[in-house]
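Colleague: I would like the atomic coordinates for the input below:
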Amino acid sequence: MNPLSLLERLGRAVLTLLAVTGRMALFAAQAFMHIFRPPYYPREFANALMNIGWLSLPVVGLTAIFTGGALALQIYSGGARFNAEAVVPQIVAIGMVRELGPVLVGLMIAARVTSSIAAEIATMKVTEQIDALVTLSTHPMKYLVAPRVLAAFITLPMLVAVGDIIGIGGGYVVAVQNLGFNAAAYLQNTVDFLESRDIVSSLVKGAVFGVIAALMGCYYGMQSGRGAQGVGSATKDSVEVAAILILAANFVLTGVFFSI
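Modeller: Residues are numbered from 1 along each chain as shown. A predicted model of the protein is given here:
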């Protein structure tokens, strides 16, 4: 392959990435601006709270409890090689609160909520409902995007907190019932080992992941092409980008809170 042609393709890819990043940044700025400016749509906000928060509890709870139980088994099995089985409660607690809890909840929300938002808004665009909103002097960003972003920002820390508790509970049940740990000692070790910054970092990650998930769903929904293929492509792209950004944000936030 001609080196100049390869360089041209690389430059085109970089420029495309920068253009997409710029459009996403402008979209996010507009979304945050509309959150704080009237008019407000409390019904849309309440529906978003229900869909993003309450209806996500079952999948978050099941994901967390199985992850906590599996984590306890893995740590016990690995610790047995070094006669360190007693560290199970401490490692389960810090693993769930610092890392697995927020990341798994964020990824599950990206799979469930981001895809739903993208498909809903893309369908509205295809069926010209967004154009109808503009005709009725209703700003689509304010009516469709702002309530969902605000709802995700509020509910994701709560879901992460619930996921952390259920995940630690899953590890507790497995450790006490299957691995022979004392129930009171397990809980005491868990409480003693966790620090306030562990909990704060978990909740902050949840808020950031929620904003990312909602923004990507709204952005790709608004940018979708026409027809069923456009809706499908918008849904797929929104989940992929949201998942990647959540993992990248997790790395950055972990470095900020716990200094690499």
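
Colleague: Tell me where the stretch 51-200 of the chain has helices.
Modeller: If DSSP state H, counting those that start in this stretch is used as the criterion, the helices of the stretch 51-200 of the chain fall at 57-79, 88-94, 101-109, 115-126, 129-135, 140, 146-178, 183-193, 196-222.

Colleague: will you turn those helices into JSON lines that also has distance to Ala249 and mean pLDDT?
Modeller: For the C-beta atoms, the positions are set from N, CA and C on the backbone; glycine is no exception. Formatted as JSON lines, those follow (distance: least, C-beta to C-beta, whole Å; pLDDT from 0 to 100):
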{"stretch": "helix 57-79", "distance to Ala249": "19", "mean pLDDT": "92"}
{"stretch": "helix 88-94", "distance to Ala249": "20", "mean pLDDT": "90"}
{"stretch": "helix 101-109", "distance to Ala249": "8", "mean pLDDT": "94"}
{"stretch": "helix 115-126", "distance to Ala249": "18", "mean pLDDT": "93"}
{"stretch": "helix 129-135", "distance to Ala249": "28", "mean pLDDT": "88"}
{"stretch": "helix 140", "distance to Ala249": "26", "mean pLDDT": "90"}
{"stretch": "helix 146-178", "distance to Ala249": "12", "mean pLDDT": "94"}
{"stretch": "helix 183-193", "distance to Ala249": "25", "mean pLDDT": "89"}
{"stretch": "helix 196-222", "distance to Ala249": "5", "mean pLDDT": "94"}
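
Colleague: do you know which of these lies nearest Leu18?
Modeller: Judged by C-beta to C-beta, the one of these that comes nearest to Leu18 is helix 196-222, at 16.0 Å.

Colleague: buried ones in that closest one?
Modeller: 198, 201-222 (16 or more other C-beta atoms under 10 Å).

Colleague: ok, back up a step: of the helices of the stretch 51-200 of the chain, give the one that comes closest to Ala25.
Modeller: Taking C-beta to C-beta as the measure, the helices of the stretch 51-200 of the chain were each checked against Ala25, and helix 196-222 came out nearest at 10.3 Å.

Colleague: So what's the gap between the closest one and the chain middle?
Modeller: Between the mean C-alpha point of helix 196-222 and the mean C-alpha point of its chain there is a distance of 5 Å (C-alpha atoms, centre = their mean, to the nearest Å).

Colleague: is it true that Val149 touches Ala29?
Modeller: No - the pair formed by Val149 and Ala29 falls short of the contact definition of C-beta atoms under 8 Å, at 11.7 Å.

Colleague: Of those two, give the one with the bigger neighbour count.
Modeller: Per other C-beta atoms under 10 Å, whichever of Val149 and Ala29 has more neighbours is Val149, with 26 against 10.

Colleague: need the contact list for that one.
Modeller: Taking C-beta atoms under 8 Å, 6 or more residues apart in numbering as the definition of contact, the neighbours of Val149 are 31-32, 35, 211, 214-215, 218.

Colleague: about what we covered before: switch the helices of the stretch 51-200 of the chain over to a markdown table; also include distance to Leu15.
Modeller: As requested, the helices of the stretch 51-200 of the chain are arranged in a markdown table below (distance: least, C-beta to C-beta, whole Å):
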| stretch | distance to Leu15 |
| --- | --- |
| helix 57-79 | 38 |
| helix 88-94 | 42 |
| helix 101-109 | 30 |
| helix 115-126 | 25 |
| helix 129-135 | 29 |
| helix 140 | 28 |
| helix 146-178 | 28 |
| helix 183-193 | 48 |
| helix 196-222 | 19 |
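
Colleague: So which of these is the most surrounded?
Modeller: Among these, the stretch with the highest mean neighbour count (mean count of other C-beta atoms under 10 Å) is helix 101-109, at a mean of 26.

Colleague: Would you pull up how far it lies from the middle of the chain?
Modeller: On the basis of C-alpha atoms, centre = their mean, helix 101-109 sits 5 Å off its chain's mean C-alpha point.
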